[in-house]
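Asks: Here is the input, now give the coordinates:
(2 chains)
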Amino acid sequence: MVDEKKDPFEEKDFEAKLKQSLDNSVDELSQQTLANLNEIRQQALNGKQANASKFQWALWGPAGGLVAAAVVAAVWVGNPAVQPSNSIDDLELLTSEEDLELMEDIEFVAWLMEQEIDHAG
Amino acid sequence: MYFESLDIQSGNKVEAKQVSVMDNRKAMDQFLYSVQKRAFQMARIATGCEQDAMDIVQDAMMGLVKSYSDKPENEWHGLFFKILQSRIYDHYRRGSVKNKIFSWFRAEKHDDEDEGGIDPVQLAADQHGVSPEMKLQLGQATEQVVEAVAALPIRQQQAFLLRLWEGMSVAETAESMGVSEGSVKTHYSRALASLKQRLEGYW
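Replies: Reported below is the predicted structural model:
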């Protein structure tokens, strides 16, 4: 009969090897990566939000805005029964956190679509 | 003389506060330095992308500094990795949204009925793997382990890395992952079994 109980020594040894390999993987990080990590750490300590990668959002933000505007226009044209309203309730709805998140998602999707097209091309 | 004494006391308090702020910043700097490489590697393994990993680590650092600097130092570790895990899950969820929307635009037939209401993080597994640039940096043995860990479903991956690598207790890991302790034990056990199977014969 096969003993299915785990050998604690074997398991500890296996875990130790895994841990050592993971430690090694960190030791092999590039100088550039380490420099970037030090930079973002200092930015965090100074409360700065700047970074290079998020710059791309600034580039694609306007494109996303155009797509969002096109979607709104399409809905508007497709649903003429909707009348403009100036009520405060509508303003609250438009500026609510959920709507802002929706707009961010639309911009995000627009950016992703551009990325897909670029990669496909 | 009395006022002079008050001024000195007041000055001492201001000075003491400044020293305290400086000490806090120094302590936070040291803490972030101590975890930044492992945090980056965790995020990189999870996302398979250096830039995404860097963004995730930065968000986690900023979140800790902004919201939890005044917490006791011994709580920073758990809080930092809780934020990190949250950012990694957000990354997966966004990936899931992206896939759903693109499949919708491509009008692909897709049966979502079985997946309704299930957290995409639960379903996510080995979406990214090890990037070519990461392979270049890693030795062969290390590469095998990193690849095997990257192939784990994300929950198993995080439970494994937090428990084994960060040395967190089951309770701490559960708190960081936002799951029950039983779930952590199950994820860890499954992760270890998968890794054994995958690395069998290599060691």
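
Asks: Return the helix or strand in chain A with minimum mean pLDDT.
Replies: helix A:88-95 (a mean of 53; mean pLDDT, DSSP states H and E).

Asks: per-residue confidence at A:A74?
Replies: For A:A74, the model assigns a pLDDT of 67.

Asks: and what of B:Q144?
Replies: Looking at B:Q144, its pLDDT reads 90.

Asks: Would you check how far apart A:Q32 and A:E39 are?
Replies: A:Q32 sits 10 Å away from A:E39 when distances are taken as Cβ to Cβ, to the nearest Å. Any C-beta I mention is one placed from the backbone N, CA and C, and that applies to glycine too.

Asks: the more surrounded of those two?
Replies: A:E39 (15 against 9; other Cβ atoms under 10 Å in any protein chain shown).

Asks: List the contacts of the helix or strand where that one lies.
Replies: Using DSSP states H and E, A:E39 falls within helix A:31-45. Applying Cβ atoms under 8 Å, 6 or more residues apart in numbering or on different chains, the contact partners of helix A:31-45 are A:49-51, B:25, B:28-29, B:32-33, B:36-37, B:40, B:50, B:54, B:57-58, B:61-62, B:64-65.

Asks: one more time with 10 Å
Replies: A:29-30, A:48-52, B:25-26, B:28-29, B:31-33, B:35-37, B:39-41, B:44, B:50-51, B:53-55, B:57-66, B:69, B:133, B:137 (Cβ atoms under 10 Å, 6 or more residues apart in numbering or on different chains).

Asks: List buried members of those by neighbour count.
Replies: Taking 16 or more other Cβ atoms under 10 Å in any protein chain shown as the criterion, what is buried in the contacts of helix A:31-45 is A:29, A:51, B:28, B:31-32, B:35-37, B:39-41, B:44, B:50, B:53-55, B:57-65.

Asks: Using the record's assignment, carve chain A into domains.
Replies: Chain A is divided into the following domains under automatic domain parsing: A:8-45, A:55-120.

Asks: Restricting to C-alpha, output the helix holding A:E39 in PDB.
Replies: C-alpha atoms of helix A:31-45 as PDB (Å, rounded to 0.1, in the frame of the first residue of the first chain):
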ATOM      1  CA  GLN A  31      19.900  47.900 -12.900                       C
ATOM      2  CA  GLN A  32      17.300  49.800 -14.800                       C
ATOM      3  CA  THR A  33      14.500  48.100 -13.000                       C
ATOM      4  CA  LEU A  34      16.200  48.800  -9.600                       C
ATOM      5  CA  ALA A  35      16.600  52.400 -10.600                       C
ATOM      6  CA  ASN A  36      12.900  52.600 -11.500                       C
ATOM      7  CA  LEU A  37      11.900  51.100  -8.200                       C
ATOM      8  CA  ASN A  38      14.000  53.600  -6.300                       C
ATOM      9  CA  GLU A  39      12.500  56.400  -8.300                       C
ATOM     10  CA  ILE A  40       8.900  55.400  -7.700                       C
ATOM     11  CA  ARG A  41       9.600  54.900  -4.000                       C
ATOM     12  CA  GLN A  42      10.900  58.400  -3.800                       C
ATOM     13  CA  GLN A  43       7.900  59.700  -5.700                       C
ATOM     14  CA  ALA A  44       5.600  57.900  -3.300                       C
ATOM     15  CA  LEU A  45       7.400  59.300  -0.300                       C
END
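
Asks: Show me which positions of that helix end up buried.
Replies: By neighbour count with 16+ other Cβ under 10 Å, helix A:31-45 contains the buried residues A:T33, A:N36, A:L37, A:I40, A:R41, A:Q43, A:A44, A:L45.

Asks: where in the chain is pLDDT low?
Replies: Picking chain A for this. A:1-9, A:48-68, A:71-109, A:111-121 (pLDDT under 70).

Asks: meant chain B, my bad for not saying
Replies: Residue ranges of chain B with pLDDT under 70: B:1-19, B:96-139, B:203.

Asks: can you give me the helices in it?
Replies: Per DSSP state H, chain B carries helices over the ranges B:2-47, B:50-68, B:73-105, B:120-123, B:132-137, B:140-150, B:154-160, B:170-177, B:181-199.
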